[in-house]
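Chemist: predicted coordinates and the sequence they were generated for:
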Amino acid sequence: MVRVVEHAGVEVDSDELRYAGNRLLEVSDTVLRAGTTDLCVRTDRWGSAAARAWRAEDGCMSVTSEYDGALVGDLLSWAADDWTDAAGVVSVALGSGSRDPQVLRDLSLGLLVHVVANGLAVIGEIGSGRHVPWPGTSAETLLRAVRDWVQFPTPRVSGSGLFWLDATPEGEAIGRSLWGRTQLSDEEDLAETSGPPLPARWSTAPTLRDEVIRRGAEGPLPAHVLVHVASGGGVSAEEGVQVLALGLLAHLVALGSLVLGDRRDGRFAPWEGTPAEAMLRVGRSWLVPDGVPSTRETTWFQVTPRC
């Protein structure tokens, strides 16, 4: 299968490559010398850190068009074009087919965790016409954004100023490589994603997070239980279920309702470090290509006594 990589004006001398317009068509995994820049090309289904660990040189960029994650790809396409706020992330989440405000928020949180944990976007705010990253580590800013969103009093986040995402060079390269893949006109886009307006207040009905807490009351559980719970969220594709499961985890960690760890000698062993570091650790390898170990399979969680 041909892989498309944004040429970005770099001259590459190689018989392995051929061009189509301003795009570079590459047929096999390779590292090419392009002047003083190494251009690394490899299929990476999810854009995850685990799938990018093969990179050999500093400054080497992994880009792909075989990016099967439609929701993640759509978010990166948006972010590659302009700064994206919480409402923009929700707009992408609407592509899952769900119209449940609770599900849409947790889907959005899963998308946010994935792109930040994998170095595809940074969180900040807009000041003086530019994106200003929040101070702190990626883990700290991610937990701050998730907590702010979890505590936001209404599903309607348009104009909320919760945060702004800016694509990193790697995230922008992936996003740009997807431009035009499923582009709709403004009218079609609104018809596809708008649906009924979000309510002004959160419902008091039981949520998927309540089901996670209920199941976890008996003791530590493997993280793939979250995927089983998320499958009842009414989303239309496997990627959406997995992103929703990651968002459920992030939401509950931000509330202090879950502790993450693993299973050692038949017992639950909490990870060392902060909740922010645990969230980032899980997010880096939650969405990965087939055959790559996922934190969905290796992580365990325990419900805290406050629940």
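Modeler: Thanks, I have the structure now.

Chemist: only C-alpha atoms for contact and neighbour calcs from this point on.
Modeler: OK.

Chemist: show residues contacting stretch 134-147.
Modeler: By Cα atoms under 8 Å, 6 or more residues apart in numbering, the residues outside stretch 134-147 that reach it are 109, 113, 116-117, 122-125, 162-163, 250-251, 254-255, 275-277, 279-280.

Chemist: can you rerun that using 6 Å?
Modeler: 124, 254, 276-277, 280 (Cα atoms under 6 Å, 6 or more residues apart in numbering).

Chemist: in it, what's buried?
Modeler: 134, 138-147 (16 or more other Cα atoms under 10 Å).

Chemist: what of stretch 278-294?
Modeler: 278-289, 294.

Chemist: I figured residue 168 hits residue 120, correct?
Modeler: Yes - at 5.3 Å, residue 168 counts as touching residue 120 under the criterion of Cα atoms under 6 Å.

Chemist: which ones are touching the residue most central in space within the chain?
Modeler: Compute the mean C-alpha point of the chain, and by Cα atoms, centre = their mean the closest residue is residue 114, 2.6 Å away. Contacts for residue 114 were tallied using Cα under 6 Å, 6+ apart; they are residue 283.

Chemist: give the next helix or strand downstream of the helix or strand it falls within.
Modeler: Per DSSP states H and E, residue 114 falls inside helix 101-117. From helix 101-117 onward toward the C-terminus, using DSSP H and E, the following helix or strand is strand 121-127.

Chemist: neighbour count winner among residue 168 and residue 120?
Modeler: residue 120 (26 against 18; other Cα atoms under 10 Å).

Chemist: how about that one, nearest residue that isn't a chain neighbour?
Modeler: Distances taken as Cα to Cα, 6 or more residues apart in numbering place residue 171 nearest to residue 120, at 4.0 Å, with adjacent residues excluded.

Chemist: pop out the phi and psi values for that neighbour.
Modeler: Taking degrees, to the nearest 10, you get phi -60, psi -40 for the backbone angles of residue 171.

Chemist: burial count for it?
Modeler: By other Cα under 10 Å, 28 other residues sit near residue 171.

Chemist: again, but for residue 176
Modeler: Per other Cα under 10 Å, the neighbour tally for residue 176 reads 21.

Chemist: now it: which helix or strand?
Modeler: Assigned by DSSP H and E, residue 176 belongs to helix 169-177.

Chemist: and that helix, what's its mean pLDDT?
Modeler: Averaged across helix 169-177, pLDDT comes to 95.

Chemist: what is it packed up against?
Modeler: Packing partners of helix 169-177 (3 or more Cα pairs under 6 Å, 6 or more residues apart in numbering; DSSP states H and E): helix 70-81.

Chemist: run the chain-centre distance for the helix or strand following the helix it packs on.
Modeler: Downstream of helix 70-81, the next assigned helix or strand under DSSP H and E is strand 84-85. The chain centre lies 14 Å from the centre of strand 84-85; the measure is Cα atoms, centre = their mean, to the nearest Å.

Chemist: and what of stretch 274-281?
Modeler: For stretch 274-281, the distance to the chain centre is 15 Å (Cα atoms, centre = their mean).

Chemist: distance of residue 75 relative to residue 102?
Modeler: 19 Å (Cα to Cα, to the nearest Å).

Chemist: more neighbours, those two?
Modeler: Taking other Cα under 10 Å, residue 75 and residue 102 do not tie; residue 75 has more neighbours (24 against 20).

Chemist: pLDDT at that one, what is it?
Modeler: Looking at residue 75, its pLDDT stands at 96.

Chemist: kindly report the same for residue 70.
Modeler: Per-residue confidence (pLDDT) for residue 70: 90.

Chemist: to which secondary structure element is the spatially closest residue to it that is not a sequence neighbour assigned?
Modeler: Nearest non-adjacent residue to residue 70, counting by Cα to Cα, 6+ apart: residue 239, 7.7 Å away. Taking DSSP H and E as the criterion, residue 239 maps to helix 238-254.

Chemist: and if you look at residue 213?
Modeler: For residue 213, the element it lies in under DSSP H and E is helix 208-216.

Chemist: what does that helix rub up against?
Modeler: Helix 208-216 has contacts (Cα under 6 Å, 6+ apart) with residue 303.

Chemist: that'll do, ta.
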